[in-house]
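Undergrad: Okay, here's the prediction I keep looking at, along with the sequence it came from:
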Amino acid sequence: MHEAGLLASAVSALTTASEGRPVTTVSIALAPGVDPDAAAAAWQAAAAGLPLAGAAVRWLPAPDRLACLNCGREYDGDRLTQCPDCAGNGLVVRAAPELELLDWG
C-alpha cells in the first residue's frame, strides 16, 4: 500500500511547515489511482499523537492532463475520461502528482 508512504511524507512535511502549531484543516489532492480510503487510514496512522491528529482533512481529486487521440484537444480527467469534444480516447500527457498538500490552517 503506497498510500502509507505518501501520507507519512505529507504528515512529516506539514509537521515541519506548521512548526508544531495545531493544524485544524488540511486540503489534499490525490491523483487517479490513489485510494482515498487507504489515504485517509494512512493519514490517521501517520498523524496519531501529533498536532495534526485532529485535523479535518478534505480529499480532492487531482486530474491528469490528457490529449485526445482523435481530435488532439487537451483536457483534464483520468485515463478513462473521454474527450469532451468528440468522445474519443485520451492519452495522459501530464500525470497529476500522486499527492499534493493544497492548504492547511
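TA: Good, I have the coordinates. Residues are numbered from 1 along each chain as shown.

Undergrad: any idea where the strands of the protein begin and end?
TA: 25-30, 56-61, 64-68, 74-77, 90-94, 99-104 (DSSP state E).

Undergrad: export the ones you listed to a markdown table and tack on distance to P84 and mean neighbour count?
TA: All C-beta atoms are positioned from the backbone trio N, CA, C, and that covers glycine. Below are these laid out as a markdown table (distance: least, C-beta to C-beta, whole Å; neighbours: other C-beta atoms under 10 Å):
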| stretch | distance to P84 | mean neighbour count |
| --- | --- | --- |
| strand 25-30 | 21 | 19 |
| strand 56-61 | 16 | 13 |
| strand 64-68 | 9 | 18 |
| strand 74-77 | 6 | 15 |
| strand 90-94 | 10 | 14 |
| strand 99-104 | 24 | 14 |
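
Undergrad: Tell me how far G90 lies from A31.
TA: Distance of G90 to A31, given as C-beta to C-beta, to the nearest Å: 16 Å.

Undergrad: what does L91 give?
TA: Distance from L91 to A31, by C-beta to C-beta: 16 Å.

Undergrad: G54 too?
TA: 26 Å.

Undergrad: Could you list the low-confidence segments of the chain?
TA: Residue ranges of the chain with pLDDT under 70: 1.

Undergrad: Can you tell me the centre-most residue of it?
TA: L30 (1.6 Å; C-alpha atoms, centre = their mean).

Undergrad: and it, what is it in contact with?
TA: L30 sits next to 36, 39, 59-62, 98-99 when contact means C-beta atoms under 8 Å, 6 or more residues apart in numbering.

Undergrad: ok, now with 7 Å
TA: 36, 39, 59, 61-62, 99 (C-beta atoms under 7 Å, 6 or more residues apart in numbering).

Undergrad: ok, so of those residues, who is nearest E3?
TA: A39 (4.7 Å; C-beta to C-beta).

Undergrad: What is the neighbour count of the residue lying closest to that closest one once chain neighbours are set aside?
TA: Distances taken as C-beta to C-beta, 6 or more residues apart in numbering put E3 closest to A39, at 4.7 Å, once the chain neighbours are dropped. Neighbourhood size, E3 [other C-beta atoms under 10 Å]: 21.
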